[in-house]
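Q: One predicted model, sequence on top.
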Amino acid sequence: MTNAVTRGAVALVIFGSLCTLAVLFAPPSGEDPQAAMWYSVIPPVLAIVLAFLTRHVLLSLGIAILTGGLLTAIPQAPVDVAAWFEGFKTAGIYMTDTVTNKTNLQILAFIPPIFVMIEVLIASGGFRGIIVWLLKWVKGRKSAQAATALMGILCFIDDYTNAIVVGSMMQPITDRFRVSREKLAFLVDATSAPIAGLAVVSTWIAYEVGLLRQIGEKLDIGKSGYSMFFDALSFRFYCLLMIVFVFVHILMGRDFGPMKEAEERAGTREPPEEDGIQNTQACPERSQRDTRQNSKHASGRALNALVPLAGLLLFHGTGLWFDGTSKLKDDMIRWQTQSLTTIAENMPPKPVDLETLSPGSWIYWREVIGHAENSPLVLACAALFGLTLALLFSQMFGSLRLRVIFGCFKRGVRRAMIPFVILIFAWSLKNCCDDLRTGEFLTTILAGRVPPYLFPPILFLVASLTSFATGTSYGTMAILIPTAIPIAFAIDDGYGLTTMISLGAVLDGAIFGDHCSPISDTTIMSSIASSCDLIEHVRTQLPYSLFVAGLALLCAYVPSALGLAPRYSLLLATAVMLCFFVAMSRLKKA
């Protein structure tokens, strides 16, 4: 009872403080009736505070969406009954728009088949075969965590695929070596959005480059979107430092905050002994003997998982290739047709000519995958293809009975319903934030209040706050790149250092929220795939994310804005990180 009252009091203070700050820093109301108002921050703040307070994510999101709908009508006519009805109707429209959006439906279509496929891979012994194979190299907690991080980096092409595949595959191994589910969810989450956002060949690249191309044309910078992306790449300090942090903290074996408590709890419980896999820590000799005895059978079972997973990734990559090449060829045909009737001065930039690129170069694949327009649909089809392969191989090498397969479908669909519904609610809240113009409000409260040399660091903070509050990196990028980059361009009096740092700050701050916000779809998928409670996942990883964000801000963005080369800023932040872990090690020994 005392803990509940304390949590309630803290949540009330946080909520009240944030709303008060929003009122105090809100720009003065002008003549524009459509200007974003201070209360636009209430729905996302309410969702986050309630989620931490009640531990019920759906309830918190539902209340926030309903509140957002009411805020669209009630402030203008608080005593009008019709305004209240209009507010409830608007909240329903947010939900309706979410479930009728084509892209959202394609992403949702990916979830049930991927969870059913995972259940089939488990039932057919596919995951068991992979585990037996991996246990030859995984010798303890550190190597189990390192293997998880490496797999996360290898699955760089898409953050959704990364979260589902790596979390589900590595969970039995991390359980075996007493690694907490919270740590697994963090490793999965920390190598999904940050990796996909950095990768020059991924499903993110088209969106990022598209936004940069638009602002480049608007400001007449004279550079392509890809050129601007590479200019900003050196200043992606949060993503780069998060990858460094993952491996440094694994190597040093030091945890802090709630994660330390979770790891201590996991270290005291007995590891599971499922599917005949023995505890390698308790009896390594017995484990090696069992591995040799079952190696032939395990190899066959490993195919049950390896082939469907490889098929999923290959289908995904091939689908993106077909989609991207088709888009590039259509763009070239339209450009050539337009060139016949338009003078050269009025022609748009020439699109990428695939015939001039070698299919063996990474530039070719970067351009092709980056221009894919139907990546959610390709992802859904890839999941169905992977499920089909899983069923075929379960019959070829496992002969699963129809009753078992039916049970796999039942369990998979039941597990898929949790992220399925949460994503619908999270996207509906995003629609609410778009309607109330939450991101625009958070941007405008700092306009004209920031010195030029502090603009990129403050922009990183604004992007981080916006993405954490709204749970969307794409939305944050879409809001801040068109509104904040022109300010940086004006500060530079052209395309200079401040503009390039600001581009990196927006992209990285947006990914910060996507990485650790409780209403982010990537965070939700990482927790579900790792079988970790969502709020516990957010609670344990938030100190790590804030630590890395603090390093990026103080040791990288501020020095770089003052003129320090980005590589030296990155080295400075890494050195501070290493000193922190060394100090922790010495304090523990003392």
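A: Here it is on my side, so go on.

Q: didn't residue 507 look like it was pressed against residue 474?
A: No - the criterion here is CB atoms under 8 Å, and residue 507 misses it with residue 474 at 11.0 Å. Placement of C-beta: from N, CA and C, glycine included.

Q: ok, those two, which is more surrounded?
A: residue 507 (29 against 16; other CB atoms under 10 Å).

Q: Three-state assignment for the more buried one, please.
A: Following DSSP: H, G, I helix; E, B strand; the rest coil, residue 507 is assigned to helix.

Q: what sits against it?
A: Counting by CB atoms under 8 Å, 6 or more residues apart in numbering, residue 507 touches 197, 208, 232, 236, 477.

Q: same deal with residue 543?
A: 256, 257, 258, 259.

Q: ok, residue 123 touching residue 404?
A: Yes - the pair residue 123 and residue 404 qualifies as a contact (CB under 8 Å) at a distance of 5.6 Å.

Q: Compare those two and say which is more crowded by neighbours.
A: residue 123 (20 against 15).

Q: contacting residues for that one?
A: 394, 398, 400, 404, 405, 407, 408.

Q: tell me the mean pLDDT over stretch 254-262?
A: What stretch 254-262 shows for mean pLDDT is 86.

Q: ok, and what's touching that stretch?
A: Contacts for stretch 254-262 (CB under 8 Å, 6+ apart): 180-183, 186, 249, 263, 536, 539-541, 543-544, 581, 584-585, 588.

Q: before we move on, back to that, filter the contacts of residue 543 down to just the ones in helices.
A: 258, 259 (DSSP state H).

Q: Burial check on the residue nearest to residue 516 when sequence neighbours are not counted, number of neighbours?
A: With sequence-adjacent residues excluded and distances taken as CB to CB, 6 or more residues apart in numbering, residue 516 is closest to residue 545, at 4.1 Å. Residues lying near residue 545 (other CB under 10 Å) number 23.

Q: I'd like the next helix or strand past whichever helix or strand residue 545 is part of.
A: Following DSSP states H and E, one finds residue 545 within helix 534-552. Moving toward the C-terminus from helix 534-552, the next helix or strand (DSSP H and E) is helix 558-561.

Q: So which elements touch that next one?
A: helix 455-470, helix 497-516, helix 566-589 (3 or more CB pairs under 8 Å, 6 or more residues apart in numbering; DSSP states H and E).

Q: between the ones you listed, which gets the lowest average pLDDT?
A: Among these, helix 455-470 has the lowest mean pLDDT, at a mean of 83.

Q: Which secondary structure elements does the very next helix or strand once past that one sit against?
A: Sequence-wise, the next helix or strand downstream of helix 455-470 (DSSP H and E) is helix 473-492. The contact analysis (3+ CB pairs under 8 Å, 6+ apart) places helix 473-492 against helix 205-219, helix 402-436, helix 438-444, helix 455-470, helix 497-516.

Q: Pull the distance from helix 473-492 to the chain's centre.
A: Chain-centre distance of helix 473-492: 20 Å, with CA atoms, centre = their mean, to the nearest Å.

Q: Please work out the angle formed by the directions of that helix and helix 455-470.
A: 160 degrees (axes from the mean of the first three to the mean of the last three CA atoms, to 10 degrees).

Q: Is there a neighbour count for residue 418? I'd like the number.
A: Counted with other CB under 10 Å, residues neighbouring residue 418 total 17.

Q: so where is the stretch 1-150 of the chain shaky, pLDDT-wise?
A: 1-36, 48, 51-52, 54-55, 57, 127, 131 (pLDDT under 70).

Q: distance between the ends of stretch 557-572?
A: Across stretch 557-572, the terminal residues are separated by 11 Å (CA to CA, to the nearest Å).

Q: quick one: contacts of it?
A: Stretch 557-572 is touched from outside by 234-235, 237, 240-241, 453-457, 460, 497-498, 501, 505, 555-556, with contacts defined as CB under 8 Å, 6+ apart.

Q: Please spell out which residues along it are buried.
A: Within stretch 557-572, the residues that qualify as buried are 557, 558, 559, 560, 561, 564, 566, 569, 570, 572, counting by 16 or more other CB atoms under 10 Å.

Q: and of these, the nearest to residue 162?
A: residue 570 (23.5 Å; CB to CB).

Q: tell me the mean pLDDT over stretch 435-452?
A: pLDDT averaged over stretch 435-452 gives 67.

Q: That one spans what distance, first to last residue?
A: End-to-end distance of stretch 435-452 (CA to CA): 31 Å.

Q: Surely residue 194 touches residue 244?
A: No - with contact defined as CB under 8 Å, residue 194 and residue 244 do not form a contacting pair (10.7 Å).

Q: quick one: which of those two has more around it?
A: Per other CB under 10 Å, whichever of residue 194 and residue 244 has more neighbours is residue 194, with 29 against 17.

Q: which other residues reach stretch 581-590?
A: 248, 249, 252, 254, 256.

Q: Can you tell me which of those residues are buried?
A: Buried among those by 16+ other CB under 10 Å: 248, 249, 252, 254.

Q: Let's have the residues you listed in TSV, adding distance to residue 358 and secondary structure.
A: Below are those laid out as TSV (distance: CB to CB, whole Å; DSSP: H, G, I helix; E, B strand; the rest coil):
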residue	distance to residue 358	secondary structure
248	37	helix
249	40	helix
252	42	helix
254	46	coil
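
Q: wait, which of those residues is closest to residue 388?
A: Closest to residue 388, out of all of those and judged by CB to CB, is residue 249, at 39.4 Å.

Q: Of the contacts of stretch 254-262, grab the buried ones for ChimeraX.
A: Burial among those is assessed by 16+ other CB under 10 Å; the matching ChimeraX selection reads:
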select :180,181,182,183,186,249,263,536,539,540,541,543,544,581,584
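
Q: just to revisit the earlier point, so what's the gap between the helix holding residue 545 and the chain middle?
A: 13 Å.

Q: Next, the angle from that helix to helix 497-516.
A: Using the same axes, to 10 degrees: helix 534-552 against helix 497-516 is 160 degrees.

Q: So for residue 189, what's the nearest residue that isn't a sequence neighbour?
A: Leaving out its chain neighbours, the residue that sits closest to residue 189 by CB to CB, 6+ apart is residue 526, at 3.9 Å.

Q: Give me the pLDDT value at the one you found.
A: pLDDT recorded at residue 526 is 87.

Q: how long is stretch 253-260 end to end?
A: 10 Å.

Q: mind listing what's buried in it?
A: Burial within stretch 253-260, assessed by neighbour count using 16+ other CB under 10 Å, is assigned to 254, 255, 258, 259.

Q: Farthest-apart pair in those residues, please.
A: 254 and 258 (14.4 Å).

Q: Can you show me the helices along the stretch 301-450 of the chain?
A: 362-370, 375-397, 402-436, 438-444 (DSSP state H, counting those that start in this stretch).

Q: Arrange these in a markdown table, one row each, with distance to residue 311 as further columns.
A: Below are the helices of the stretch 301-450 of the chain laid out as a markdown table (distance: least, CB to CB, whole Å):
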| stretch | distance to residue 311 |
| --- | --- |
| helix 362-370 | 18 |
| helix 375-397 | 5 |
| helix 402-436 | 17 |
| helix 438-444 | 39 |
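
Q: nearest to residue 162, of these?
A: helix 375-397 (11.6 Å).

Q: elements contacting that closest one?
A: Helix 375-397 packs on helix 102-123, helix 126-134, helix 159-176, helix 284-339, going by 3+ CB pairs under 8 Å, 6+ apart.

Q: and the nearest residue to residue 463 once chain neighbours are set aside, how many residues sit next to it?
A: Spatial nearest neighbour of residue 463, excluding adjacent residues (CB to CB, 6+ apart): residue 509 at 2.5 Å. Close neighbours of residue 509, defined as other CB under 10 Å, add up to 29.

Q: Equivalent analysis for residue 420, please.
A: Residue 420 has 15 neighbours, counted by other CB under 10 Å.
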